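Asker: Got a predicted structure here, sequence first:
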Amino acid sequence: MKILIVGSGGREHAIAASVAKSPKAEKIYCAPGNAGIAQLAECVPIGAMEFDRLTEFAKEKEIDLVIVG
C-alpha cells in the first residue's frame, strides 16, 4: 500500500512512525514533511494547502491512502 501523509509537524511524525510499523506499508510519502519524518518516509516538496499539486502527485504515484494531519 502506498501512503501519503500531509503535514510537517510532530503529529505527522507520529503518524509516519506508526504507519511505518505496518507490513502493509509498501511506500510512505510525506508532503511536505521535515527532517525527522525523512527518516521514515520520502518527503516531497508540496505544501499542505496545495490541493491541486497534492491531487496530481497522488494520482501520479497511485497513492492508496492519504492521511491528513
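Answerer: Here it is on my side, so go on.

Asker: Other residues contacting whichever strand or helix holds residue 57?
Answerer: Counting by DSSP states H and E, the element that carries residue 57 is helix 51-60. Applying Cβ atoms under 8 Å, 6 or more residues apart in numbering, the set of residues contacting helix 51-60 from outside is 4, 6, 29, 31, 44, 46-48, 63, 66. Where C-beta positions appear, they are placed from N, C-alpha and C, glycine not excepted.

Asker: Inside strands: which ones of those?
Answerer: Among those, the members falling in strands are 4, 6, 29, 31, 66 (criterion: DSSP state E).

Asker: Report the beta-bridge partners for the third one.
Answerer: When bridges are taken as DSSP bridges, the partners of residue 29 come out as residue 4, residue 42.

Asker: Residue 43 versus that one, what's the distance?
Answerer: Distance from residue 29 to residue 43, counting by Cβ to Cβ, to the nearest Å: 8 Å.

Asker: residues in contact with residue 34?
Answerer: Applying Cβ under 8 Å, 6+ apart to residue 34 gives the contacts 8-9, 13, 43.

Asker: could you redo the last one with a cut-off of 7 Å?
Answerer: residue 8 (Cβ atoms under 7 Å, 6 or more residues apart in numbering).

Asker: mind exporting the helix holding residue 57 as CSV, just the C-alpha atoms?
Answerer: Provided in CSV are the C-alpha atoms of helix 51-60 (Å, rounded to 0.1, in the frame of the first residue of the first chain):
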residue,chain,number,x,y,z
PHE,A,51,-4.5,20.8,-3.2
ASP,A,52,-4.1,20.6,-6.9
ARG,A,53,-0.5,19.5,-6.6
LEU,A,54,-1.3,17.0,-3.9
THR,A,55,-4.0,15.5,-6.1
GLU,A,56,-1.7,15.3,-9.1
PHE,A,57,1.0,13.7,-7.0
ALA,A,58,-1.4,11.1,-5.5
LYS,A,59,-2.6,10.2,-9.0
GLU,A,60,0.9,10.0,-10.4
